[in-house]
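Asks: structural data only, the sequence is not supplied:
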DNA sequence: GCGACAG
DNA sequence: ATCTTGTCGC
């Protein structure tokens, strides 16, 4: 496979799926990371109209205190239509723009979507992790693929998510009595570490603080932009590859 | 062939 | 994702 693949951009559903097939084996599932001092949450909000604008937000938290360290936003146009399994192509450019605005590189990325728990084992968390080279985990709010038994009712219990004979993630109960979230490896982490971090990031609510904070920020950025009379049309999406 | 399908 | 009020439960 060519190094060009990393930054090439698909013009069709077929190309996008083929690109995922080529990139999937570059994902590293490994122990750790051992030290995680800062964790970044990433989320995107969509304009009320149609496909006019998307606001991507990154919020970096101190992993120990869960206090906000810094944040950044980027408003662009959606870079791809929404197609189940190709979700990443829609949000990736805006998310990367937001990440580039951070002054310090976070130790771990927590994405709003699946990682390996994906049709082709290459969800948003894998793609984002691979492009940035950073450890990444995926946290999905709803089911995408795999079979699983219901985890115990108490906070912290989990079960494996199995797809085509492979453990691709876990269903994790982050709060007693709430609906589980779906955790999966994005890049350069192992499932146990990913699960541990997601649980630690969720002391009070079903969703991890990283997701809640980035969700808040992305919506605020979008609202502000839509209510601003002087707001020019969203700039074109991020630069594409060859 | 039919159903399912992150945000 | 987004459109949306009240309402059940702790």
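Replies: Nice, I can see it. Model, not experiment: these values are computed from the prediction.
Asks: just the helices in chain A please.
Replies: All helices of chain A, identified by DSSP state H, fall at A:13-23, A:87-100, A:124-132, A:191-200, A:209-227.
Asks: ranking the ones you listed by burial, who's on top?
Replies: helix A:124-132 (a mean of 26; mean count of other CB atoms under 10 Å). Heads up, the C-betas are built off the backbone N, CA and C, glycines and all.
Asks: can you tell if it touches DNA strand C?
Replies: No: judged by CB under 7 Å from any atom of the strand, helix A:124-132 stays clear of DNA strand C, getting no closer than 12.0 Å.
Asks: residue closest to the middle of chain A?
Replies: Of all residues in chain A, the one closest to the mean position by CA atoms, centre = their mean is residue A:111, 2.1 Å from it.
Asks: residue A:45 versus residue A:168, what's the distance?
Replies: 27 Å (CB to CB, to the nearest Å).
Asks: for stretch A:173-183, what is the distance to the chain centroid?
Replies: Relative to its parent chain, stretch A:173-183 has a centroid offset of 18 Å by CA atoms, centre = their mean, to the nearest Å.
Asks: repeat that for stretch A:182-200.
Replies: 12 Å.
Asks: ok, now which ones touch the closest residue in space to residue A:171 that isn't next to it in sequence?
Replies: In space, and not counting its chain neighbours, residue A:171 is closest to residue A:180: 4.2 Å by CB to CB, 6 or more residues apart in numbering. Residue A:180 makes contacts with A:150-151, A:158, A:171-174, as judged by CB atoms under 8 Å, 6 or more residues apart in numbering.
Asks: next step: those restricted to strands.
Replies: A:158, A:171-172 (DSSP state E).
Asks: among the helices of chain A, which is nearest residue A:144?
Replies: helix A:87-100 (9.1 Å; CB to CB).
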